[in-house]
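Chemist: need coordinates for the below:
(chains A and B)
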Protein chains: 2
Amino acid sequence: MLDTLIKNATVIPMTGEGEVYYGCSVGIKDGAIEFIGDGHPEASEVIDARGDIVMPGLVNAHAHTAMCVMRGYADDYALQSWLYDKVFPVEARLTERAIDAGARLGMAEMIRTGTTSFSDMYFCQPAVAKAVDKIGMRANLCNAVLALGDDYVFEKDRAVIETDELLKEYGVKGRIRADVSIHAEYTSRPEIWKRVHEWAKEYGAVTHIHLSETKREQEEAKARHGLSPAAAFDKYGIFDTKTLAAHGVWLEKSDMELLAKRGVSIAHCPVSNLKLGSGTADVAAMVRAGVNVCLGTDGACSNNSLDLFEELKLAALLAKGRSLDPTALPAYEALKMATVNGAKGQGREGETGVIEEGYRADLIMIDASSPHMRPIYDPISSVVYSARGSDVRMTMVDGKVLYLDGEYKTVDVKEAIREVEEAAVPIVLNE
Amino acid sequence: MLDTLIKNATVIPMTGEGEVYYGCSVGIKDGAIEFIGDGHPEASEVIDARGDIVMPGLVNAHAHTAMCVMRGYADDYALQSWLYDKVFPVEARLTERAIDAGARLGMAEMIRTGTTSFSDMYFCQPAVAKAVDKIGMRANLCNAVLALGDDYVFEKDRAVIETDELLKEYGVKGRIRADVSIHAEYTSRPEIWKRVHEWAKEYGAVTHIHLSETKREQEEAKARHGLSPAAAFDKYGIFDTKTLAAHGVWLEKSDMELLAKRGVSIAHCPVSNLKLGSGTADVAAMVRAGVNVCLGTDGACSNNSLDLFEELKLAALLAKGRSLDPTALPAYEALKMATVNGAKGQGREGETGVIEEGYRADLIMIDASSPHMRPIYDPISSVVYSARGSDVRMTMVDGKVLYLDGEYKTVDVKEAIREVEEAAVPIVLNE
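Modeler: Numbers count the residues shown, from 1 in each chain, chains lettered A, B, ... in the order given. This next block holds a predicted model:
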């Protein structure tokens, strides 16, 4: 007998080339998808989708979740001032308690808006991992290595100590996984990259980096290495193991070809790239070059949301606006970025991002009855161009319902907000 | 005694340079704002805002509301095919019943997402006006004059007949007003423009037009008139009366200076401009030139939403991304576009768009308690970068509550959806 049956659903499975199944059932057993099709096999629990849209949960491939504590704290600042006057000083003060609260608040927002799996780069990840475990999301966690200053000692770096701890505690296979991370080309140097890469080889971990976010970064790398950031990383072997690179706004054609060849995924973060004045990545060209493009929110301090539905629509829109071609990045291509491509970027292909027998049951149900969703000519278009994160009725990870019709099952949202306001806001404001 | 008192609100009045009043009351009598400040004057009805944000209702300065019936019908098509193969043939078939249902559905979406006033350009406006009246929104309505084909006769044009009817029935002063409309430079000719302009002079009506939406339009006008579309309209005196021009994506610097000098407002429609591959208007340059910039959604067939909160955030983001300057178009500047500037574009300055004694009571209340809204360092930033249309708890026009906490007070949403699906969808699909 199944554990759960979702019936009467309009299912977008994200297999093949955009099939949609109407009046479909999805059956779940032991956290995995066991059945998809007509009929109503017996189940302990039945959820009536009443015609709503059921699809794979979204994958947020680049987040700094706990930065929710700085949501709206530093808007409309020039980039250097944003980073050096606002963000870095706050981060130097943030406590584990503040980060834990911020991470819980951010996860509440993500499950409310249909994200089931995320790749996170931030501090205090062993504590955050415990919160992820309790809340029940899927996550790849890392703390990025930056080697700034002459007195940098790899072994004493908090990020190094945490990464080692995460790799040993969680490994790279489960619902919670350790990634390794080089923050960016411009914040460390090849001998440090190689140390991080040793872990990637030893554990088979994904390497999560920032890449070609700003014009300045692209230009300075060329001055420093005679190479673009991507070519520099490749020269030192970093792309020999699976790599997930955020942004890619200033990638050149040769970079895109390199990333495609080396199997490097790009986490496109359109809201953050616009808000910080970094620009708009040429996603259509990346897709043409064969790059696996995922979607990310970046942190709430440069967004200010963790709602992947916003990135989904904006990615589809910006590709058209940038190229003056309304056929660029059609709806289904964008939806793949938010699901299957994201799973691949996380090293979770075959595990999440698709509704098919054998995949983990990471699903969302989207209310299709609101005025802004009607009429529906094509459910895929409706999800990309009409749906909002707020239309998500249900979010499920590993077959477990985390959110349903206004109720958060695994996180006390009020407590998380109170904790952010008591433990984090005074630190942010340096009161 | 007041009719209504809203208490315990965080009020963004949109006066001055960005004041915010905490723990503030707003009192309403006879549809107008009569009190704003501390204290709790007596009122027949009291609404506790419990710390939520109260601000002026948003103004959607360019809509084709009834196009909701085509929401998601023609996504990812090239522009010519979108227009000539999809939209125009459907519009030739649409009945008054279908348009009336579409307009009601669109208004439901607008009041749900905080829009209180809109400028609409579409067919069957006398019927739509009756629906606006019943639903209680504020609206400027017009049917655009297009003079295509050699056999065009002004007097026989349905748009002309409807405009005449609207002007006589509603005039240009009330909650529902008639605008006059020249569709665009490329869809008619100067002798027709002058006929429309006669009405504008006679009645004091706003002239609602499309302007410089596509590169092709800009280039073809120069070939035809030796002038940009804006300069051509100005040459024939169209800007002698108040004009609201949608899009302005391809305006040149000289056009912007002309619009500023002639007091022409631009309705910036960022989602539609991206989705149709038209490009991104240089809003920061328009603001520098002194143009009154408003925000619009355009129709749901090129958006696919009528949610002005999306345009608000995207306008602020795109200005930054386009200029690679994160200080471009700061939050308050964007919020003015969605409120006071919109009111001015509609010819409703002093009437709506501001919370101040004497203005009509067009207000919205935004839920500030959800995880994605917390913490709040600056309510203006929170409204622009964090809030969604779905966060609107209450929408009020002329002191009358149209939407409150999930309940639509003046429109039967289920009936509107059913009517769209029964009366419009088969026409769209030509079944």
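Chemist: in a helix, A:Gly202, correct?
Modeler: Actually, residue A:202 is Glu rather than Gly. Yes. Assigned with DSSP: H, G, I helix; E, B strand; the rest coil, A:Glu202 falls within a helix.
Chemist: pull the contacting residues for A:Val384.
Modeler: By Cβ atoms under 8 Å, 6 or more residues apart in numbering or on different chains, the residues touching A:Val384 are A:Leu312, A:Lys313, A:Ala316, A:Ala331, A:Ala334, A:Leu335, B:Asp75. Where you see a C-beta, it was placed from the backbone N, CA and C, and this is true even at glycine.
Chemist: just the closest of those to A:Ile417, please.
Modeler: If you rank the contacts of A:Val384 by distance to A:Ile417 using Cβ to Cβ, A:Leu312 comes first, at 25.9 Å.
Chemist: nearest residue to that closest one in space, please, no chain neighbours.
Modeler: A:Ala338 (4.8 Å; Cβ to Cβ, 6 or more residues apart in numbering or on different chains).
Chemist: how about the one you found, what does it touch?
Modeler: Per Cβ under 8 Å, 6+ apart, neighbours of A:Ala338: A:Leu58, A:Val59, A:Cys294, A:Leu295, A:Leu308, A:Glu311, A:Leu312.
Chemist: before we move on, what about A:Phe88?
Modeler: A:Phe88 makes no contacts at all, as judged by Cβ under 8 Å, 6+ apart.
Chemist: how near is it to chain B?
Modeler: Here A:Phe88 is placed at a distance of 16 Å from chain B (Cβ to the nearest Cβ, to the nearest Å).
Chemist: about what we covered before: confidence-wise, which of the contacts of A:Val384 comes last?
Modeler: Least confident of those in the model: B:Asp75, at 95.
Chemist: leaving out sequence neighbours, find the closest residue to that one.
Modeler: The shortest distance from B:Asp75 to any non-neighbouring residue, by Cβ to Cβ, 6+ apart, is to A:Ser381 (4.5 Å).
Chemist: residues in the stretch 201-350 of chain A within reach of chain B, list them.
Modeler: A:215, A:271, A:273-280, A:303-307, A:314, A:316-318, A:320-321, A:323-328, A:330-331 (Cβ under 8 Å from any Cβ of the partner chain).
Chemist: if you set the cut-off to 6 Å instead, what comes out?
Modeler: A:274-277, A:279-280, A:304-305, A:317, A:320-321, A:324-327, A:330-331 (Cβ under 6 Å from any Cβ of the partner chain).
Chemist: A:Leu324 and B:Lys275 touch, don't they?
Modeler: No. Between A:Leu324 and B:Lys275 there is no contact under Cβ atoms under 6 Å: 11.8 Å.
Chemist: so what's the residue count around the residue nearest to B:Asp75?
Modeler: Residues lying near A:Ser381 (other Cβ atoms under 10 Å in any protein chain shown) number 23.
Chemist: what is the mean pLDDT for the helix or strand hosting it?
Modeler: Secondary structure assignment for A:Ser381, by DSSP states H and E: helix A:379-381. For helix A:379-381, the mean pLDDT works out to 98.
Chemist: and the contacts of it?
Modeler: The contact list for helix A:379-381, computed with Cβ atoms under 6 Å, 6 or more residues apart in numbering or on different chains, reads A:Thr10, A:Ile12, A:Gly18, A:Val20, A:Ile53, A:Ala331, A:Tyr332, B:Gly72, B:Asp75.
Chemist: just the pLDDT at the first one, thanks.
Modeler: Same thing as A:Thr10. At A:Thr10, the model reports a pLDDT of 98.
Chemist: wasn't it part of a strand?
Modeler: Yes. Under three-state DSSP, A:Thr10 falls within a strand.
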